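Novice: prediction below, plus the sequence it came from.
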Amino acid sequence: MNFDALIEALPEIIDGLEVTIAIWLAGCLFGPLLGLAIALGRQFGPRWLDRGLWAFVEVIRGTPFLVQMFLLYYGGPFIGLDLDPTPAGLLGLIVYGAAYFSEILRGGLIAVPKGHVEAALCVGLDRGQVIRRILLPEMTLLVLPACVNMWVVLLKETAILSIITVPEFTLAVTAFGSATFAFTQSAAVLALAYWGLTELTGRLGRSLEARFDRFRLV
């Protein structure tokens, strides 16, 4: 390992790591929000909306993220969507995550016992109140482990954004490897960094599960 060259490239690598974390956190925030909107639309919307959203989810889940990014970044200008690499990567990650989160959250909505919903309706709650006070809290408890797993998936998918030249962690480290011919070492740095972030995410998820488990209905 050429430590002198690594230290010299460290500012660019740290900048790339910051970009990766920023895009990942945005995906972890806006992906579930868009996924929740899709899940609610499919569950409570008219049939035509359910069919349209189903088709969207199937297309996103049925194609590789790499192909989606190529189509968004290189094909977007043909339909008037001309984005710089970072906004394109952020949009792509959010949309990709939303499709998976929508199915996770829709499954959580379906898993809430119907008796709880019926009881809420019997005491006079309208549909909006039932969603806010019954469905969403109970759904959160049910889907939290699956959501944590999806956060990990999104973290690792950020590496693909280097293909469209997003200045993130993978691009910075591989650029260092290409400049110094330290390909094995740069790959080891990438593996260790992503493994560390994955472990931190998993520990955070387990902590959240333990914290929220006391609210679970038996």
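Specialist: Thanks, I have the structure now.
Novice: got a list of what residue 93 touches?
Specialist: By C-beta atoms under 8 Å, 6 or more residues apart in numbering, the residues touching residue 93 are 23-24, 26-27, 31, 154, 157-158, 161. To be clear about C-beta, it is placed using only N, CA and C from the backbone, and glycine gets the same treatment.
Novice: which of these lies closest to residue 109?
Specialist: Closest approach between the contacts of residue 93 and residue 109, by C-beta to C-beta: residue 31, at 17.0 Å.
Novice: which is the next helix or strand following the helix or strand harbouring that closest one?
Specialist: Using DSSP states H and E, residue 31 sits within helix 3-44. Sequence order places helix 47-61 as the next helix or strand after helix 3-44, per DSSP H and E.
Novice: helices or strands next to that following helix in the packing?
Specialist: In terms of contacts (3 or more C-beta pairs under 8 Å, 6 or more residues apart in numbering; DSSP states H and E), helix 47-61 is packed against helix 3-44, helix 85-111.
Novice: for that helix, C-alpha coordinates in PDB please.
Specialist: Output of helix 47-61 as PDB, limited to C-alpha atoms (Å, rounded to 0.1, in the frame of the first residue of the first chain):
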ATOM      1  CA  ARG A  47     -58.400   1.000  -9.500                       C
ATOM      2  CA  TRP A  48     -56.800   3.000 -12.400                       C
ATOM      3  CA  LEU A  49     -54.300   4.500  -9.900                       C
ATOM      4  CA  ASP A  50     -53.500   1.100  -8.400                       C
ATOM      5  CA  ARG A  51     -52.800  -0.300 -11.900                       C
ATOM      6  CA  GLY A  52     -50.600   2.600 -12.900                       C
ATOM      7  CA  LEU A  53     -48.600   2.500  -9.700                       C
ATOM      8  CA  TRP A  54     -48.300  -1.200  -9.900                       C
ATOM      9  CA  ALA A  55     -46.800  -0.900 -13.400                       C
ATOM     10  CA  PHE A  56     -44.300   1.700 -12.100                       C
ATOM     11  CA  VAL A  57     -43.200  -0.500  -9.200                       C
ATOM     12  CA  GLU A  58     -42.900  -3.600 -11.400                       C
ATOM     13  CA  VAL A  59     -40.700  -1.700 -14.000                       C
ATOM     14  CA  ILE A  60     -38.400  -0.300 -11.300                       C
ATOM     15  CA  ARG A  61     -38.100  -3.600  -9.400                       C
END
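Novice: that helix - what's its average pLDDT?
Specialist: For helix 47-61, the mean per-residue pLDDT is 95.
Novice: give me the contacts around that helix.
Specialist: For helix 47-61, contacts defined as C-beta under 8 Å, 6+ apart pick out 38, 41-42, 45, 68, 95-96, 98-100, 102-103.
Novice: got a winner among those residues for most neighbours?
Specialist: Within the contacts of helix 47-61, residue 102 tops the neighbour count with 28 neighbours, counted by other C-beta atoms under 10 Å.
Novice: what's the closest of the helices and strands packed on helix 47-61 to residue 127?
Specialist: When those are compared by C-beta to C-beta, helix 3-44 sits nearest residue 127, at 7.4 Å.
Novice: and the closest one, how far out from the chain middle?
Specialist: 8 Å (C-alpha atoms, centre = their mean, to the nearest Å).
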